[in-house]
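Visitor: Any chance you could fold what I've pasted below:
(2 chains)
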Amino acid sequence: MSENIEPMKRKEISVNDIEFAQTEQKGPKGLFTQMQGFWVTFATMFKKVNTVNYPEVKEPTAPRFHGRHQLNRYEDGLEKCIGCELCAWACPADAIYVEGAANTEDNRMSPGERYGRVYQINYLRCIFCGLCIEACPTRALTMTNEYELADETRAKLIFEKDDLLAPLRAGMLMPPHPMYPNTTDTNYYKNEIKSSHPSQEVSK
Amino acid sequence: MTNAQLIAGDPGWLIAVKGLLVFVLCVLLTLMSVWGERRIVARMQQRLGPNRVGPFGLIQSLADGVKLALKEDLIPAAADKIVFIIAPIISATTCFMSFAVIPFTGEVKLFGKVTAMQLTDIPVGVLYILSIASVGVYGIVLAGWSSGSTYPLLGGLRSSAQVISYEIAMGLSLVAVFIYAGSMSTSEIVAAQDHWWYSVVLFPSFLIYAISMVGETNRAPFDLAEAEGELVGGFHTEYSSLKFALFFLAEYVNIIAVSALATTLFLGGYHAVPGLGFTEQWLGGWFTMVWFFAKVILFFFIFVWLRGTLPRMRYDQFMQFGWKVLIPVSLAWILIVATLRVLSLNGAPKAATVAFASTVVLLVMLVNFAFESAKNKRKNAPIAEVADPEFAIPQMPIKIPTINVSTGQKGDQ
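Guide: You can find the predicted model right below:
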């Protein structure tokens, strides 16, 4: 080891031989030059301010802003979430809690075998990194642009499945209800279901 | 009638009313100035500043004061309890006291009595202000010492060293004013500026005072003892609640106080701007107060402007500037002013005055030349040979590529 480190032989290079980096800096020259800063601050007073008056004025976020999560549905209203817990495992902040359960013929929440029975996101822990969205195999979990999440209590900031589920749009039916006739979960996965079928309506 | 004669007949109740008015004015001005400073600095940084509480955020500082007062009042276990409590009181009271001799108006009528808005007019008014300012330093020293903690102690020492050093330059800059006015009474100095403001006649004094008053009040760019965001709070690190509020109040009242003194001594006090003298009769003489506060606010704006523009100085640079530049320059300036004054008072011929002035100018040029050549000599001095070190040091590269920074072009390799 010690052979690598040799005492520098300074005699070989004279100080005058070394060409240092030449910088031409506009340093303080005259009194007037030093006073220029005062003009900068004075002139800035009359410029347009950058402040957005937030609660009164709300500017739209960037289109891919990471806001509150949303649990999506297929076009007939069935939930996309299959309760696989991949989002919970991906979460670096341990903010997601999922409990899956099996779909039955009487109680079908999603196409295929399983659905997410319990789905909680703790927004006191969530860091909005979006790793859960990358992990989701069915695109059930996505993020909205909503960012006004402040609340008074800790309990209110643990969002349940009801809070996260996307609203029903036209042509959607509130699950539980059977799958579209003569389809499998693969058809759903390939996005071939465009609307609900009358036979899916369950009489209660 | 002079202010001193006007005030002499004041009954006790009128003095009490005036004292109350001055106090209320100071507190109000402090609240407004905190708000004003935050708004102006915000505009200088293209922000809006506080605009939520009240119209234009005007009562923001009142809200802050209420918040401070309602906070928990902590006294550290290691603190010297009595001194810890006394220190902020000394700080706050002394800065209010200097307003006692400031003339706010000329002849006015208050509750049917002809008087002047000046609490008292003592023959050594300015000396009194300087001494009160020195007592105010005790607040800083004692606060730092009694906290029983290292950082406040260091902060207190730095602050007091700074205040004391700049007080010397400040006092010296005022000497020229005393020589010209022939008095130390504030109202007589104002009266002596009837024709020419001392900021014009004694411009160097004014400049030195303006610089040292920023140093004296621990304000940017000389706020290195407190240095928000770089150090802990300085001498008031351990203070909370109302005691901290008192220090905060003291800082801003102090700014107003030095601005008021500068107005009185250099900007003609309550008198109108030359050419607008007729306005002094408006509102039965009360309009002079408008002029006075217009000038004070102008100074305050400069304080804020400095804070918004200049970066903080290093402590040693700051001390060097105070002791090696400001004090010698003001001493030399006093000599010149005194000589000129004696010449003119003794009715010396104009030729003698001119000869003296030109000698001074020549001397200044000579000193400047000597200073510059010494600086050049130092710059061109050959670099001393350094002996070979015994320990291992990394190899120097043979040649470093030169980069011209200003044009961003790479030079030859």
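Visitor: Going by C-alpha atoms from here, please, whenever you check contacts or count neighbours.
Guide: OK.
Visitor: Count the neighbours of residue 81 for me.
Guide: All of this is about chain A. Using other C-alpha atoms under 10 Å in any protein chain shown, residue A:81 is surrounded by 27 other residues.
Visitor: Can you look at chain B instead?
Guide: For residue B:81, using other C-alpha under 10 Å, the count is 14.
Visitor: what's the distance between it and chain A?
Guide: Distance, residue B:81 to chain A, by C-alpha to the nearest C-alpha, to the nearest Å: 39 Å.
Visitor: Quick check: longest helix in chain A by residues?
Guide: Counting by DSSP state H, the longest helix found in chain A is helix A:31-44.
Visitor: if I pick residue A:154, what's in contact with it?
Guide: Contact analysis of residue A:154 by C-alpha atoms under 8 Å, 6 or more residues apart in numbering or on different chains lists residue A:124.
Visitor: Got the phi and psi for it?
Guide: Dihedral pair for residue A:154: phi -70, psi -40, per degrees, to the nearest 10.
Visitor: Kindly provide the distance from it to chain B.
Guide: Taking C-alpha to the nearest C-alpha, one finds residue A:154 at 25 Å from chain B.
Visitor: And that residue, what's its pLDDT?
Guide: pLDDT for residue A:154: 94.
Visitor: List the buried residues of the helix or strand bottoming out on mean pLDDT in chain A.
Guide: Using mean pLDDT, DSSP states H and E, the weakest-scoring helix or strand in chain A turns out to be helix A:31-44, at a mean of 85. By neighbour count on 16 or more other C-alpha atoms under 10 Å in any protein chain shown, the buried set for helix A:31-44 is A:41-42, A:44.
Visitor: ok but residue A:116 is inside a strand, no?
Guide: Yes. Under DSSP: H, G, I helix; E, B strand; the rest coil, residue A:116 sits within a strand.
Visitor: what's around it, how many residues?
Guide: Residue A:116, neighbours per other C-alpha under 10 Å, totals 21.
Visitor: where's the closest residue to it other than its chain neighbours relative to residue A:106, distance?
Guide: Leaving aside its chain neighbours, residue A:116 sits nearest to residue A:83 (3.8 Å; criterion: C-alpha to C-alpha, 6 or more residues apart in numbering or on different chains). According to C-alpha to C-alpha, to the nearest Å, residue A:83 stands 18 Å off from residue A:106.
Visitor: out of those two, which sits in the busier spot?
Guide: Taking other C-alpha under 10 Å, residue A:83 and residue A:106 do not tie; residue A:83 has more neighbours (22 against 10).
Visitor: The residue nearest to residue A:116 reaches residue A:98, doesn't it?
Guide: Yes. Using C-alpha atoms under 8 Å, residue A:83 makes contact with residue A:98 at a distance of 6.5 Å.
Visitor: what's the overlap in contacts for those two?
Guide: A:116-117.
Visitor: Now do the helices in the stretch 201-350 of chain B.
Guide: B:203-216, B:241-266, B:287-309, B:315-320, B:327-345, B:350-380 (DSSP state H, counting those that start in this stretch).
Visitor: out of those, which comes closest to chain A?
Guide: When the helices of the stretch 201-350 of chain B are compared by C-alpha to the nearest C-alpha, helix B:287-309 sits nearest chain A, at 5.9 Å.
Visitor: what does that closest one contact?
Guide: Residues contacting helix B:287-309 (C-alpha under 8 Å, 6+ apart): A:37-38, A:41-42, B:33, B:37, B:40-41, B:44-45, B:104-106, B:214, B:219-221, B:255-256, B:259-260, B:263, B:267, B:269-273, B:279-281.
Visitor: Please pick the buried ones from the residues you listed.
Guide: Applying 16+ other C-alpha under 10 Å to those flags A:41-42, B:33, B:37, B:40-41, B:44-45, B:104-106, B:214, B:219-221, B:255-256, B:259-260, B:263, B:267, B:269-272, B:279-280 as buried.
Visitor: which stretches of the stretch 151-300 of chain B have low pLDDT?
Guide: B:228-231 (pLDDT under 70).
Visitor: Residue of it closest to chain A, please.
Guide: For the stretch 151-300 of chain B, C-alpha to the nearest C-alpha, closest residue to chain A: residue B:221, 13.0 Å.
Visitor: Could you point out which residue ranges in chain A have low pLDDT?
Guide: A:1-30, A:203-204.
Visitor: List just the one of the helices of the stretch 201-350 of chain B that sits closest to residue B:174.
Guide: Nearest to residue B:174 among the helices of the stretch 201-350 of chain B is helix B:203-216; the distance by C-alpha to C-alpha comes to 7.0 Å.
Visitor: Give the buried residues for that closest one.
Guide: Across helix B:203-216, burial judged by 16+ other C-alpha under 10 Å covers B:204-206, B:208-216.
Visitor: can you tell me the helix or strand for the residue nearest to residue B:58 when sequence neighbours are not counted?
Guide: Once flanking residues are discounted, residue B:58 sits nearest to residue B:35: 6.6 Å by C-alpha to C-alpha, 6+ apart. Assigned by DSSP states H and E, residue B:35 falls within helix B:12-44.
Visitor: Thanks a lot, see you next time.
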